[in-house]
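**Student:** sequence and computational prediction follow.
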Amino acid sequence: MRAAGSISPQLREWILATARAGHGVPEVLRLLKEAGYPPAQSRSAVAEVLRIPLSSINATAPAGRRTRAPAAPQVEVDGRRVRVSASMEAPVVRVLEDLLDAEECAALIEAARPRLDRALTVAEDGRHQVDERRTSRGMFFKPGETPLVARLERRLAELLDLPVEYGEGLQVLHYLPGQEYEPHYDWFDPTQPGYAAVTAKGGQRVASVVMYLNTPEEGGGTAFPNVGLTVTALAGSAVYFAYEGGDTSSLHAGLPVTRGEKWIATKWLRERPLR
Ligand SMILES: O=C(O)CCC(=O)C(=O)O
Ligand SMILES: [Fe+2]
């Protein structure tokens, strides 16, 4: 192990510049490994330079669970056939057809509609905040709040091979023309001061499922700008994507709705049980 203070000025500068350029800790570590630095040394250097607890980036910390990506061509879950119509590996993306039926989509929208509020994001200090990057309105269901929510949670658990306790409460978002969700990552940035608080229960997020509850007349797809992919918002279908914390290829956005409206339900999955 390297003693504190023995990091060369060049390495210190490089770590700072790379983190400031928007690369997450795992990406910084990957680049260091590529450049030939021993992993343990890299971890302690990154922890010291970025002033984050070594335990939050230590590879020896108990590894949490991951989701299983649904396999093409189709998966039988909850008595239905979910078709996997497109797959990508970097980032891990699956486009899922017929995950929800029309009645389920309509029932979720109607249950959410009276409870919509300005959608919040998680601030750097871990608190929820109103954010200009996210202009939609939304609400959260409590885990298992209604029989329909509970059934969807079980369906997703079976589909992704991850028990329901690893899932955050289902979120429903509503976008009107002009509203969007600008490019962002769903994983929590370990370099942010609020990281310990948001991950204290459940740990890091490992995957997301964005379910389309209606088909917008125009616009409103989910874009992955780093890989040039846009998934069309089609009622009843969904996009699943997984990321090891810091996977910058998972950058994604809810594109502006240009005509009509857009309703989605999002499920975020954690590496450890939340309850
Ligand atoms: O609206 C979308 O298509 C994307 C939503 C999203 O990224 C999220 O809820 O985290
Ligand atoms: Fe997202």
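**Tutor:** Cool, got the structure. As the structure is a computational prediction, the values presented were derived from the model and not from experiment. Ligands and ions are numbered 1, 2, ... in the order given.
**Student:** so what's the closest residue to ligand 1 within the stretch 151-275 of the chain up against?
**Tutor:** Closest residue of the stretch 151-275 of the chain to ligand 1, C-beta to the nearest ligand atom: residue 254 (2.5 Å). No exception for glycine: its C-beta is placed from N, CA and C like everyone else's. Applying C-beta atoms under 8 Å, 6 or more residues apart in numbering, we find residue 254 in contact with 136, 173, 175, 180-181, 220, 222, 262, 264.
**Student:** next one: residue 173
**Tutor:** Applying C-beta under 8 Å, 6+ apart, the residues contacting residue 173 are 119, 136-138, 181, 254, 262-266.
**Student:** check what pLDDT the closest residue to ligand 1 within the stretch 1-150 of the chain gets.
**Tutor:** Relative to ligand 1, the nearest point of the stretch 1-150 of the chain is residue 136 (7.2 Å; C-beta to the nearest ligand atom). pLDDT for residue 136: 82.
**Student:** who's in contact with it?
**Tutor:** 119, 173-175, 179-181, 254.
**Student:** not counting its neighbours along the chain, what's nearest the spatially most central residue of the chain?
**Tutor:** Geometric centre of the chain, nearest residue: residue 186, 3.1 Å, by C-alpha atoms, centre = their mean. Nearest residue to residue 186, sequence neighbours excluded (C-beta to C-beta, 6 or more residues apart in numbering): residue 208, at 4.8 Å.
**Student:** pretty sure that neighbour is touching residue 241, no?
**Tutor:** Yes - with contact defined as C-beta atoms under 8 Å, residue 208 and residue 241 form a contacting pair (5.8 Å).
**Student:** list of residues touching the longest helix seen in the chain?
**Tutor:** What stands out as the longest helix in the chain, according to DSSP state H, is helix 147-160. If you take C-beta under 8 Å, 6+ apart as the criterion, helix 147-160 is touched by 67-70, 75, 77-78, 80, 82, 96, 99-100, 104, 107-108, 111, 141, 143-144, 163-164, 166-167, 170, 207, 209, 240, 265, 267, 269.
**Student:** inside strands: which ones of those?
**Tutor:** 75, 77, 80, 82, 96, 207, 209, 240, 265, 267, 269 (DSSP state E).
**Student:** so what's the last one bridging to?
**Tutor:** This means residue 269. Beta bridges link residue 269 to residue 167, residue 207, judged by DSSP bridges.
**Student:** the third one now?
**Tutor:** Following DSSP bridges, residue 80 is listed with bridge partners residue 77.
**Student:** can I assume it is in contact with residue 98?
**Tutor:** Yes - counting by C-beta under 8 Å, residue 80 touches residue 98, with 6.7 Å between them.
**Student:** in the stretch 1-150 of the chain, which spans are helices?
**Tutor:** With DSSP state H, counting those that start in this stretch as the criterion, the stretch 1-150 of the chain has helices at 9-20, 25-34, 39-50, 102-112, 147-160.
**Student:** give me the below-cutoff pLDDT ranges for the chain.
**Tutor:** Scanning the chain for pLDDT under 70 picks out 1-5, 55, 58-62, 118-124, 129-134, 245.
**Student:** for the closest residue to residue 195 other than its chain neighbours, give its distance to residue 12.
**Tutor:** Spatial nearest neighbour of residue 195, excluding adjacent residues (C-beta to C-beta, 6+ apart): residue 188 at 5.6 Å. Per C-beta to C-beta, to the nearest Å, residue 188 is found 25 Å from residue 12.
**Student:** tell me the residues on this structure that lie near ligand 1, please.
**Tutor:** Residues of the chain lying near ligand 1 by C-beta under 6 Å from any ligand atom: 181, 186, 208, 210, 222, 252, 254, 264, 266.
**Student:** widest-spaced pair of those residues?
**Tutor:** Within those, two members stand farthest from each other by C-beta to C-beta: 186 and 264, at 13.2 Å.
**Student:** okay, and the common contacts of these two?
**Tutor:** Shared contacts of residue 186 and residue 264, defined by C-beta under 8 Å, 6+ apart, are absent.
**Student:** for residue 102, what are its contacts?
**Tutor:** 235-236.
**Student:** what distance do you get for the residue nearest to residue 195 to residue 146?
**Tutor:** Applying C-beta to C-beta to residue 188 and residue 146 gives a distance of 28 Å.
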